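>>> Got a predicted structure here, sequence first:
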Amino acid sequence: MLEDGLHTVPAGYTASVVTHLEMCAEAAQRPEADLPLELARVTAPDPDWYLDLFRKVGAPWLWFGRLVMDRDELRTILSDERVHVYVVREGTDEVGLLELDFRQRDDCELAYFGLAPEAVGGGAGRWLMNRAIRLAWAEGIARFHVHTCTLDHPAALDFYRRSGFTPYAREIEIAPDPRLSGLLPEDTALQVPLVRP
């Protein structure tokens, strides 16, 4: 437990509050717009393709978890039949990523859920979440869970709550800034100050 008060974050690092949320019964589908989107499962995706889409969707929010992972470890995860990776397409453009992780018995983790910047704000998030909820609960799970953080889109936490998830835990995450190691361009996520060591 951290002591009360402010705590210094070392230069070259990011800090965020991580909120864990869960859904213990399938939430009702929310009304959605009729959008020209397609959701397609990609079995055993090529790590290079996956990381390109991961960056496209996650770079504005400093997603780095898969970028720091050993390539063989990533390939093992992506080829696991209990990890379901989906791409959202609008025509031929790939505009979203959904990753459902069923490796824990009776659970599904909403491991990654996001849209490219050009797809945000028109109802595609609700469209994708409706499908994520149906797909997760169709596997006979007892719990669907996700985590988000204060580096994510400012509306993410409220979006998850409106979608039927309930917060149950919080953590503080301090991590090396992925822009300083070259994993992401330095001009990424300008809303998060880059503090050099």
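That came through fine.

>>> hmm, who's touching the one helix or strand residue 78 maps to?
Per DSSP states H and E, residue 78 falls inside helix 71-79. Helix 71-79 is touched from outside by 44-45, 47, 50-51, 66, 69, 83, 85, with contacts defined as CB atoms under 8 Å, 6 or more residues apart in numbering. For the C-beta atoms, the positions are set from N, CA and C on the backbone; glycine is no exception.

>>> Which parts of the protein are helices?
With DSSP state H as the criterion, the chain has helices at 47-58, 71-79, 124-137, 156-162.

>>> Next, format those helices as CSV and append distance to residue 8 and mean neighbour count.
Formatted as CSV, the helices of the chain follow (distance: least, CB to CB, whole Å; neighbours: other CB atoms under 10 Å):
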stretch, distance to residue 8, mean neighbour count
helix 47-58, 27, 18
helix 71-79, 32, 14
helix 124-137, 35, 20
helix 156-162, 25, 16
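
>>> Those: which one's closest to residue 117?
helix 47-58 (8.6 Å; CB to CB).

>>> Let me know which of the helices of the chain is the nearest to residue 18.
Of all the helices of the chain, helix 156-162 sits nearest to residue 18, with 10.5 Å by CB to CB.

>>> tell me the pLDDT at the most centrally placed residue in the chain?
The geometric centre of the chain, computed from its C-alpha atoms, lies nearest to residue 112 (CA atoms, centre = their mean), at 3.0 Å. As predicted, residue 112 sits at a pLDDT of 98.

>>> which residues does the closest residue to it other than its chain neighbours contact?
Distances taken as CB to CB, 6 or more residues apart in numbering place residue 99 nearest to residue 112, at 4.1 Å, with adjacent residues excluded. Contact analysis of residue 99 by CB under 8 Å, 6+ apart lists 83-86, 110-113.

>>> so residue 50 makes contact with residue 66?
Yes: between residue 50 and residue 66 there is a contact at 7.4 Å, judged by CB atoms under 8 Å.

>>> Settle this for me: residue 61 is touching residue 153, isn't it.
Yes: Residue 61 sits in contact with residue 153 when judged by CB under 8 Å, with a separation of 6.3 Å.

>>> Between those two, point out the one with more neighbours.
residue 61 (20 against 16; other CB atoms under 10 Å).

>>> and the nearest residue to that one once chain neighbours are set aside, how many neighbours?
Ranked by CB to CB, 6+ apart and with sequence neighbours excluded, the top spatial neighbour of residue 61 is residue 152, at 4.9 Å. Look at residue 152: counted by other CB under 10 Å, it has 21 neighbours.

>>> Need the pLDDT of residue 152.
With respect to pLDDT, residue 152 has a value of 94.

>>> Excluding covalently adjacent residues, which one is nearest to residue 97?
In this structure, residue 97 finds its nearest non-sequential neighbour in residue 57, 4.8 Å apart by CB to CB, 6+ apart.

>>> From what I see, the one you found and residue 116 are in contact.
Yes: counting by CB under 8 Å, residue 57 does reach residue 116; the two are 5.5 Å apart.
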